[in-house]
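Colleague: Here is the input, now give the coordinates:
(chains A and B)
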Amino acid sequence: MEATQVLKGASVKPKSRRAHEVYKARWAYLFISPFFILFGIFGLYPMLFSIYLSFNDWKGVGPMQWVGLNNFQRLLSDTVFWQAIQNGFILLLMYVPVMLFLALALAVILNSQYVRGYRIFRTLIFLPFITNMVAAGFAFRILLTMNNGLVNVALGYLGIPPVPWLESIWGARVSLSLLIIWAWLGYNMVIMLAGLQTIPHDLTEAALVDGATPVRAFFSITIPLMQPVILFCLITSTIGSFGLFAEVAALTGGGPANATITPLIRIFNTAFRSLQFGYASAMAYVFFALIFAVTLLQVRFFGREQ
Amino acid sequence: MTNIRRLRHFLITVLLYAVLAAISLFMLIPFIWMLSTSFKLPEDVFGFPPVLFSERSTLLNYEYLLREKNLLRIVGNTFFVAASATLLSLFFCSLGGYGFAKYRFPGRTALFSFLLATMIIPSAVTMVPNFVIMRQFGWVDTFWPLIVPGAANAFGIFFMRQYISSISDELLDAARIDGAHEFGIYWRVIVPIIVPGLTSLGMIFFMGSWNNYLGPLIFLKSPEKFTLPLAIFSFGGAVGLTNYTAQMAMSVISLIPLLIIFLVFQRRFVEGITAGAVKG
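Modeller: Next up, the predicted model:
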């Protein structure tokens, strides 16, 4: 009898202390609750609902039909979806190295003692970032139009025949890369600038005094110290290029021949144009798993020293 | 020796300015062309040779937007959505950030890690079911889906937690001894101190909402509810059928408010953008 009472007392006491702690912090729970409530309704519940949907056929209205793994099976042979995934990787390889290199180089230039007008150049290069991508996409479309578009006219003066920027597979991909670099270069540059300012200035100075060339100092000191910042930019760009939507819709519409279609556009079209809600959900999950894996790989590969 | 060094320094400087000028030009051309096209007549868009402005330049496109395309309404919609989304998010994110930064409570670390982890969920996964949920709420073709779900978001809470962590606890304790209510401490002590942080975050939120295309595309159906990016897109038909001049006029208008905000608050804006990247 006594033993059980002691046990009871022992189990009640910490519980009540914990309850007391929770009670004492009730305001904190109230303050952080909006996020968890909204995430529950518009994040967690949709994610679970989406899993269920991916095993069903559903037009968005009327009854659902359980189809088991059918949607995933169908996905394996969905050439447009895999084309979209492949496009994501192609784009990534096309613009990310160029953009990150340019961003770092510009940041180093603006951070050096060689140039003045830091603020003006930073503002100009950053400006495209605040533009909505529908407007920018259509402006690029006008510039890159095959007949008498400004770019082809300028190339014509140099004796180069008109380039089918938007009408050919690789032309469209180059055009899209140009638009993305235009829009995101300033963002990445500003982040790299902030990163550079955390590197002590005398470190590079010392290397230069010891006889290292500026190029050597850049590759042996700046790049290694900037590794975490570069990794951050790399991951944001990766996630960004699989999630492109407005840029593609406005500039190329995903064409020609699906050469620039992205996973998000494919999922959107499957759900809201073809009204295949179940199939779109299956796609979304496979897509999620893929970017998750790619991001992990990048952290493993480029962030190993951290 | 010094002459050679001076010459080298001069050449490097010239080269660097040339690089900066070329890139700045690349950044500016689309804006310039957007503006120029918005003053053209449709038949002059692809005229040869291309001109920036001519005696045929006109304000007709802007007039057309005002008379036929409900321009004021569309700008009003966009502003209403962006402003309400921003204010609501700033309130909930700073409140949440305050909760995580200044209180010790059971489960704090776990809850915060969970919050950070939710940031990796791509919107593609929740896009379809969210549409179904909004339809059940009767919120399709209203502004609510563009305002409510993001009102307390992980990035904002993370940002505000960092910001509020640097405020000294003594200040809060002093307010508590004076008999301030916990919410009163937030409202009267914390909020006035974090105004710069709220400005940075608010600009990011405002810009995100103002430029959002996918959200309005999913949820807004009737043209009188359209926001700017959706309305700009609605000019675009098949290639060749697009009314480029009116479209560019609306694009110019969509840019002006952000441009003003950005030029005025540039430093805060850049701080907001870089805070998460370099410190986190």
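
Colleague: Does stretch A:213-231 reach chain B?
Modeller: Yes. Shown here: stretch A:213-231 in contact with chain B (C-beta under 8 Å from any C-beta of the partner chain) through residue A:229. Every residue, glycine included, has its C-beta placed from N, CA and C.

Colleague: Show me how far that stretch is from its chain's centre.
Modeller: Here stretch A:213-231 shows a centroid-to-chain-centroid distance of 24 Å under the convention C-alpha atoms, centre = their mean, to the nearest Å.

Colleague: then that stretch to CSV, C-alphas only?
Modeller: Extracted in CSV, the C-alpha atoms of stretch A:213-231 (Å, rounded to 0.1, in the frame of the first residue of the first chain):
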residue,chain,number,x,y,z
THR,A,213,48.7,37.4,-56.9
PRO,A,214,45.1,38.7,-56.5
VAL,A,215,43.8,35.8,-58.5
ARG,A,216,45.6,33.3,-56.2
ALA,A,217,44.4,35.1,-53.1
PHE,A,218,40.8,35.0,-54.5
PHE,A,219,41.0,31.2,-55.0
SER,A,220,43.0,30.3,-51.9
ILE,A,221,41.5,32.6,-49.3
THR,A,222,38.2,34.2,-50.4
ILE,A,223,36.5,31.1,-51.9
PRO,A,224,37.3,28.8,-49.0
LEU,A,225,36.2,31.3,-46.4
MET,A,226,33.0,32.0,-48.4
GLN,A,227,32.1,28.4,-48.7
PRO,A,228,29.1,28.5,-46.3
VAL,A,229,27.7,31.6,-48.1
ILE,A,230,28.2,30.0,-51.5
LEU,A,231,26.5,26.8,-50.3
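
Colleague: Do I have it right that residue B:132 meets residue A:52?
Modeller: No. Using C-beta atoms under 8 Å, residue B:132 is not in contact with residue A:52; the gap is 11.3 Å.

Colleague: low-scoring pLDDT stretches of chain A, where are they?
Modeller: A:1-15, A:303-306 (pLDDT under 70).

Colleague: need the longest helix for it.
Modeller: Counting by DSSP state H, the longest helix found in chain A is helix A:79-111.

Colleague: helices and strands around it, which ones?
Modeller: Applying 3 or more C-beta pairs under 8 Å, 6 or more residues apart in numbering or on different chains; DSSP states H and E, one finds that helix A:79-111 contacts helix A:118-126, helix A:169-196, helix A:227-242, helix A:263-268, helix A:277-302, helix B:2-38.

Colleague: now it and helix A:169-196, what's the angle there?
Modeller: 40 degrees (axes from the mean of the first three to the mean of the last three C-alpha atoms, to 10 degrees).

Colleague: okay, residue B:132 and residue A:52: which has more neighbours?
Modeller: Higher neighbour count among residue B:132 and residue A:52: residue B:132, with 18 against 14, using other C-beta atoms under 10 Å in any protein chain shown.

Colleague: ok, the spatially most central residue of chain A - contacts?
Modeller: For chain A, residue A:240 is the residue whose C-alpha lies nearest the centre (C-alpha atoms, centre = their mean; 2.0 Å). Shown in contact with residue A:240 (C-beta atoms under 8 Å, 6 or more residues apart in numbering or on different chains): A:180, A:184.

Colleague: May I ask which helix or strand of chain B has the lowest mean pLDDT?
Modeller: helix B:266-274 (a mean of 87; mean pLDDT, DSSP states H and E).

Colleague: mind saving the C-alpha coords of that one as PDB?
Modeller: Extracted in PDB, the C-alpha atoms of helix B:266-274 (Å, rounded to 0.1, in the frame of the first residue of the first chain):
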ATOM      1  CA  GLN B 266      17.400  50.300 -49.600                       C
ATOM      2  CA  ARG B 267      19.600  49.700 -46.600                       C
ATOM      3  CA  ARG B 268      16.800  48.100 -44.500                       C
ATOM      4  CA  PHE B 269      15.800  46.000 -47.500                       C
ATOM      5  CA  VAL B 270      19.300  44.600 -48.100                       C
ATOM      6  CA  GLU B 271      19.600  44.000 -44.300                       C
ATOM      7  CA  GLY B 272      16.400  41.900 -44.400                       C
ATOM      8  CA  ILE B 273      17.600  39.900 -47.400                       C
ATOM      9  CA  THR B 274      21.000  39.100 -46.000                       C
END
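
Colleague: separation between the closest residue to chain B within the stretch 201-306 of chain A and residue A:183?
Modeller: Nearest residue of the stretch 201-306 of chain A to chain B: residue A:246, at 4.0 Å (C-beta to the nearest C-beta). Computed as C-beta to C-beta, to the nearest Å, the residue A:246 to residue A:183 distance reads 10 Å.
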